[in-house]
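Student: Here is a sequence with its predicted model. Questions after.
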Amino acid sequence: MNVLIADDDRVVTHLLASRIRAQGWKVTIAQDAMQTVMFALRTAPDVIVLDINMPGGTGTEALRKLRASTRTMQLPVVVVSGSTDPEVERAVRELGVEAFFRKPVEPDVVLAELARVDESRSTRR
């Protein structure tokens, strides 16, 4: 599975990336919203782990752009955000995310969700 991690926090990305790679999955890292959209359109990952508050626009804006493209509109997205604003969670859920986790979140929780997404992908093939 190819995972795009979109987060400007290098500690978070390093921790998640190392745990995801240990599962045998490939990881690409984007550190701002524009890079996230560009990488998603170019590399067509299997799933995105998306932060909401990033430079270059918000994760919510990036998600809207991804949902507007036929290439990425069905892409599973798992949000991992420090936002405590219930409107942010509502907005991204309306855009069809797989899950919404608030930071700090245990990496095992994110890994379990990614495994669920991977299993779901496998059964659709």
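Tutor: Nice, I can see it.
Student: contacts, neighbours, all on C-alpha from now
Tutor: OK.
Student: and the gap between residue 119 and residue 102?
Tutor: 23 Å (C-alpha to C-alpha, to the nearest Å).
Student: which one of these two has more residues nearby?
Tutor: More crowded of residue 119 and residue 102, by other C-alpha atoms under 10 Å: residue 102, with 14 against 11.
Student: got the contact list for that one?
Tutor: Counting by C-alpha atoms under 8 Å, 6 or more residues apart in numbering, residue 102 touches 80-84.
Student: run the last query once more with 6 Å
Tutor: 80-82 (C-alpha atoms under 6 Å, 6 or more residues apart in numbering).
Student: can you tell me how far it sits from residue 73?
Tutor: Applying C-alpha to C-alpha to residue 102 and residue 73 gives a distance of 24 Å.
Student: same deal with residue 5?
Tutor: To residue 73, residue 5 is 17 Å away according to C-alpha to C-alpha.
Student: So the two - more neighbours on which side?
Tutor: Set residue 5 next to residue 73 and count neighbours by other C-alpha under 10 Å: residue 5 wins out with 28 against 15.
Student: what about that one, which helix or strand?
Tutor: Assigned by DSSP states H and E, residue 5 belongs to strand 2-6.
Student: Please put the alpha-carbon coordinates of the helix or strand just after that strand into PDB.
Tutor: Past strand 2-6, further along toward the C-terminus, the next helix or strand under DSSP H and E is helix 10-22. C-alpha atoms of helix 10-22 as PDB (Å, rounded to 0.1, in the frame of the first residue of the first chain):
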ATOM      1  CA  ARG A  10       8.400  16.600  11.200                       C
ATOM      2  CA  VAL A  11       8.200  14.600  14.500                       C
ATOM      3  CA  VAL A  12       4.800  13.300  13.600                       C
ATOM      4  CA  THR A  13       5.700  12.500  10.000                       C
ATOM      5  CA  HIS A  14       8.900  10.700  11.100                       C
ATOM      6  CA  LEU A  15       7.100   8.600  13.700                       C
ATOM      7  CA  LEU A  16       4.200   7.700  11.500                       C
ATOM      8  CA  ALA A  17       6.400   7.000   8.400                       C
ATOM      9  CA  SER A  18       8.700   4.700  10.300                       C
ATOM     10  CA  ARG A  19       5.800   2.700  11.700                       C
ATOM     11  CA  ILE A  20       4.000   2.600   8.300                       C
ATOM     12  CA  ARG A  21       7.200   1.400   6.600                       C
ATOM     13  CA  ALA A  22       7.600  -1.300   9.200                       C
END
